[in-house]
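Asks: take a look and give me a structure for this.
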Amino acid sequence: MITAAQMRAARALAGIDQKTLAERAGVSLPTIQRMEASDGVVRAVVDTLMKVIQALDESGVELIGDNQASERGGRGVRLKPHAAPNPRS
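Replies: Numbering: from 1, shown residues only. The predicted structure follows:
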């Protein structure tokens, strides 16, 4: 599974815009826009989702799931677990 935030971050790391990702994945631009605008986990037809993930992979981005180690090393981003609220806020 991939979240909308993870998809946006992956695209940013690859240095591509939504149109380029759509072209590389062979899906429509509105599909990419809808996927990235969703809350939480992206919901899409499995075939479409796999095309997008493949396009990101071919663009040099490794998607890292929860509790998954990054085997290849290199630069990347990962969200920290939700921290307890700051009592001073």
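Asks: and the worst-scoring helix or strand of the chain on mean pLDDT, what does it pack onto?
Replies: Least confident helix or strand of the chain, by mean pLDDT, DSSP states H and E, is helix 4-14 with a mean of 91. Judged by 3 or more C-beta pairs under 8 Å, 6 or more residues apart in numbering; DSSP states H and E, helix 4-14 is in contact with helix 18-25, helix 29-37, helix 46-58. To be clear about C-beta, it is placed using only N, CA and C from the backbone, and glycine gets the same treatment.
Asks: go through those and pick out the most buried.
Replies: helix 18-25 (a mean of 18; mean count of other C-beta atoms under 10 Å).
Asks: and that helix, what does it pack onto?
Replies: Using 3+ C-beta pairs under 8 Å, 6+ apart as the test, helix 18-25 ends up in contact with helix 4-14, helix 29-37, helix 46-58.
Asks: swap the cut-off to 6 Å and go again
Replies: On a contact count with 3 or more C-beta pairs under 6 Å, 6 or more residues apart in numbering; DSSP states H and E, helix 18-25 meets helix 29-37, helix 46-58.
Asks: can I get those helices in CSV including mean pLDDT and distance to residue 2?
Replies: Below are those laid out as CSV (pLDDT from 0 to 100; distance: least, C-beta to C-beta, whole Å):
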stretch, mean pLDDT, distance to residue 2
helix 29-37, 96, 9
helix 46-58, 94, 6
